[in-house]
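Asks: coords please:
(one chain, ligands or ions: 1)
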Amino acid sequence: TAVAPEFSDLRHEIAGVPISEIARRFGTPTFVYESSLIQERINDLRAFDTIRYAQKANSNLAVLDLVRRQGVLVDAVSAGEIGRARAAGYVPVGDPPPIVYTADIFDHESLDLVVEQGIHVNCGSPDMIAQYGQRAPGREITLRINPGFGHGHSQKTNTGGEQSKHGIWHDQIGDCLALAAQNGLKIAGLHMHIGSGTDLEHLSQVCGALERVALAIGSTITTISAGGGLPTPYRTTDLKVDIAAYFLLWDATRRRLQEAFGHPVRLEIEPGRYLVAESGYLVAEIRAVKQMGANTFYLLDAGFNNLARPILYGAYHPMSIAPADGSTNRERRSVVVGGPLCESGDIFTQSDGGVVGSQLLPSAKVGDYLIIERAGAYGFTMGSNYNSKPMAAEVMVNSDGSTHLVRRRQTFEDLIRGESIPSVDAGSAA
Ligand code: LLP
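Replies: Predicted coordinates:
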């Protein structure tokens, strides 16, 4: 049947660490990351001059520190992400800029921060150019261009075209040049990110669009960014992206611009998912096995508060079972996998059109562990406290096989921190 050979359906360990040990030491649900896989994925991309990690995919300090030590620079989309980069050892200023703030707006906090710390800004709206220019005249900026088309694994991750709120519309370059000139801002970089899960077919269109805009702006451009969006395989039928072909297309664009401008042009790539998706496992415990008519349900102690991708995008994640008794032989059955939340959508095995789908998985009992795989990108970072559930723990398996608790599970005190009850009407209740 259709079970993917490279995704094990029984799994007893992660990077050599027994899953029962992970559960005993750290509890469940817990995200476990395999550091060596992140390093391998970084090495795939070494042809690019700069790898800039889109930390929205996974911004815990251990991952940020790991990528920093590999020479990877970082992208930030908020004051909080700038703060995380700093806390993981990134300095604010350098050539190329260690941290780039990429967004469509500034809130007051992020504007203050980039101005004070000299963080490079990638402007995704004409308003950003105007607001930044007033506060930091004379600096260099990058423009994020919306080329008028986009692509993504779901409409929600498509970031180009007129339905998308992202970037500066491609034919407003003249206005942007004028806005920048008002405050002596120099447009040094161009950036395009049309979506997550793009393919090579769309890429040549993107390269062509970026080249046209770069030529219209002229030789102030010294950096071009291919954005993020490199796909990573979730299903066995998903192809692995051809990095060499991807690089060659961008490199050809860069070379043509170098010829036109007569100076070197740096080529950046800005992956999130590609670097971390594969490294992450969400380890949960099966807390109920229910039969509802024809459907068998495994209900976990993890829900869409921990991993929102299935409910948000209908995303597929491979899963495996770690039997608590260590058994290596379990029959497979078709099961629906759900979480503890009081919503029907709290289902990890989504069908194409609706909520309840199924996966073929080893039969399991309460107390066995279920591992949701390829959960390293947009897992923890999109988590929430819905139903007053604490955020999961995060654990790194280091290259020497040792484990490190990156983030402890939240406690009840964490959940109510900062809240208070008004005293005005105290005592008025019956
Ligand atoms: N650069 C920019 C400007 C972005 O907006 C993004 C993602 C990236 C880079 C990284 O994209 P990646 O290489 O990870 O595809 N939550 C969704 C993905 C949202 C992506 C948002 N922007 C998911 O779980 O699929």
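Asks: nearest spatial neighbour of Gly16, skipping sequence neighbours?
Replies: Nearest residue to Gly16, sequence neighbours excluded (Cβ to Cβ, 6 or more residues apart in numbering): Gly401, at 5.0 Å. For the C-beta atoms, the positions are set from N, CA and C on the backbone; glycine is no exception.
Asks: can I assume the one you found sits in a strand?
Replies: No. Judged by DSSP: H, G, I helix; E, B strand; the rest coil, Gly401 forms no part of a strand; its state is coil.
Asks: numbering from 10 from now on, please.
Replies: Yep, numbering from 10; the last one is Gly410 now.
Asks: near the ligand, which residues of the stretch 260-409 of the chain?
Replies: Glu279, Pro280, Gly281, Arg282, Tyr283, Arg318, Tyr322, Ala386, Tyr387 (Cβ under 6 Å from any ligand atom).
Asks: for whichever strand or helix holds Met137, packing partners?
Replies: Per DSSP states H and E: Met137 is located in helix 135-144. Judged by 3 or more Cβ pairs under 8 Å, 6 or more residues apart in numbering; DSSP states H and E, the packing partners of helix 135-144 are helix 117-126, strand 129-132, strand 149-155, helix 182-191.
Asks: make it 10 Å
Replies: strand 108-112, helix 117-126, strand 129-132, strand 149-155, strand 177-178, helix 182-191 (3 or more Cβ pairs under 10 Å, 6 or more residues apart in numbering; DSSP states H and E).
Asks: distance from the third one to the middle of the chain?
Replies: It stands for strand 129-132. Centroid separation for strand 129-132 versus its chain: 19 Å, with Cα atoms, centre = their mean, to the nearest Å.
Asks: partners of it in the sheet?
Replies: Here strand 129-132 is paired, per DSSP bridges, with strand 108-112 (parallel), strand 149-155 (parallel).
Asks: Ile23 and Glu118: what is the separation?
Replies: 37 Å (Cβ to Cβ, to the nearest Å).
Asks: tell me which of those two has more neighbours.
Replies: With neighbours defined as other Cβ atoms under 10 Å, Ile23 and Glu118 compare such that Ile23 has more, 24 against 13.
Asks: I'd say the more buried one and Ile381 touch.
Replies: No. The pair Ile23 / Ile381 is not scored as a contact, 12.0 Å apart, by Cβ atoms under 10 Å.
Asks: find residues that contact each of these two.
Replies: Common neighbours of Ile23 and Ile381 (criterion: Cβ atoms under 10 Å, 6 or more residues apart in numbering): Gly289, Tyr290, Val292, Ser329.
Asks: of the helices and strands packed on helix 135-144, which is nearest the ligand?
Replies: strand 108-112 (4.9 Å; Cβ to the nearest ligand atom).
Asks: what mean pLDDT does that closest one get?
Replies: The pLDDT scores in strand 108-112 average 98.
Asks: quick check: angle from it to helix 135-144?
Replies: 130 degrees (axes from the mean of the first three to the mean of the last three Cα atoms, to 10 degrees).
Asks: check whether strand 108-112 contacts the ligand.
Replies: Yes. Applying Cβ under 6 Å from any ligand atom, one finds strand 108-112 touching the ligand at Thr111.
Asks: got the phi/psi numbers for the residue nearest to Ser408 when sequence neighbours are not counted?
Replies: Once flanking residues are discounted, Ser408 sits nearest to Ser45: 5.1 Å by Cβ to Cβ, 6+ apart. Here is the backbone geometry of Ser45 (degrees, to the nearest 10): phi -70, psi -30.
Asks: quick one: residues contacting Ser45.
Replies: Ala24, Ser288, Val406, Asn407, Ser408, Asp409, Gly410 are the contacts of Ser45 under Cβ under 10 Å, 6+ apart.
Asks: give me the beta-bridge partners of the residue in the stretch 10-159 of the chain that the ligand sits nearest to?
Replies: In the stretch 10-159 of the chain, the residue that lies nearest the ligand is Ala63 (3.6 Å; Cβ to the nearest ligand atom). Listed by DSSP bridges, the beta-bridge partners for Ala63 are Asp84.
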